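Peer 1: Test case, fold it:
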Amino acid sequence: LPPSVTSIGNEAFSNCASMTSVNIPDDVEEIGESAFFCCSSLTSVVIPYNVAVIKWRAFTGCTNLVSVSLPENLTRIPPECFANCSRLSSITIPEGVVYISNHSFSHCISLTQLTLPQSLRSMDRGVFENCTGLTSMIIPDGVEQLGALMFVECSHLTSFTWHPQEVPEGTFKNCKGLVD
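Peer 2: Residues are numbered from 1 along each chain as shown. Below you'll find the model as predicted:
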């Protein structure tokens, strides 16, 4: 993409199945809805610092996406942002993110390493649904709300650390490996 680009529109590269990489210019401030939806050959993406808004399903279905670098000024991860990115194995969510929306990482079956920031306050419904590669999770103390079905079908989740006042509906449903 040329350096003059400041926004990537809705569905801009949706279903570009042969795209293997993308160089998002430093001046981009927003990535639109489904901008890279089902770009099944995309393997990695670096989202530059100036991106403050990523919209719904921006990278959903990027089945070969292995790594993502998120900008430090991001405050929210939108619904289904990385859902069905089946090869995504690790991600660090930067400090400053306060909210992770519903199903943001659902069906990321290879996700084994995840770091949540201390700034995080809320996670919506089913954020890690069917992330069968997750084995442990530490929720920062500042998280005040977890949505229902947060870890449903995370069959290899064996340990979990969080200090809730309430455990939401179906939080650990079918987490057959949970022992601690």
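
Peer 1: Now do the helices in the chain.
Peer 2: Applying DSSP state H to the chain gives no helices.

Peer 1: show me where pLDDT drops low in it?
Peer 2: 180 (pLDDT under 70).

Peer 1: try 90 this time
Peer 2: Scanning the chain for pLDDT under 90 picks out 1, 23, 67, 92, 113, 115, 145, 160, 162-167, 179-180.

Peer 1: Compute the number of surrounding residues for the closest residue to N130 other than its chain neighbours.
Peer 2: Nearest residue to N130, sequence neighbours excluded (Cβ to Cβ, 6 or more residues apart in numbering): E153, at 4.3 Å. Where you see a C-beta, it was placed from the backbone N, CA and C, and this is true even at glycine. E153 is flanked by 21 other residues according to other Cβ atoms under 10 Å.

Peer 1: any idea how far E153 is from K176?
Peer 2: Going from E153 to K176 by Cβ to Cβ, to the nearest Å gives 9 Å.

Peer 1: Could you do T20 as well?
Peer 2: Counting by Cβ to Cβ, the separation of T20 from K176 is 36 Å.

Peer 1: ok, which stretches of this protein are strands?
Peer 2: Remark: strands assigned in the chain by DSSP state E are 7-8, 30-31, 44-46, 53-54, 67-69, 76-77, 90-92, 99-100, 113-115, 122-123, 136-138, 145-146, 159-161.

Peer 1: Of those, which is nearest T171?
Peer 2: In terms of Cβ to Cβ, the element of the strands of the chain nearest to T171 is strand 145-146, at 6.7 Å.

Peer 1: could you dump the strands of the chain to JSON lines with mean neighbour count and distance to G61?
Peer 2: JSON lines is the format used below for those (neighbours: other Cβ atoms under 10 Å; distance: least, Cβ to Cβ, whole Å):
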{"stretch": "strand 7-8", "mean neighbour count": "18", "distance to G61": "17"}
{"stretch": "strand 30-31", "mean neighbour count": "20", "distance to G61": "15"}
{"stretch": "strand 44-46", "mean neighbour count": "16", "distance to G61": "14"}
{"stretch": "strand 53-54", "mean neighbour count": "18", "distance to G61": "15"}
{"stretch": "strand 67-69", "mean neighbour count": "15", "distance to G61": "14"}
{"stretch": "strand 76-77", "mean neighbour count": "20", "distance to G61": "16"}
{"stretch": "strand 90-92", "mean neighbour count": "16", "distance to G61": "16"}
{"stretch": "strand 99-100", "mean neighbour count": "20", "distance to G61": "19"}
{"stretch": "strand 113-115", "mean neighbour count": "14", "distance to G61": "20"}
{"stretch": "strand 122-123", "mean neighbour count": "20", "distance to G61": "21"}
{"stretch": "strand 136-138", "mean neighbour count": "15", "distance to G61": "24"}
{"stretch": "strand 145-146", "mean neighbour count": "16", "distance to G61": "25"}
{"stretch": "strand 159-161", "mean neighbour count": "14", "distance to G61": "28"}
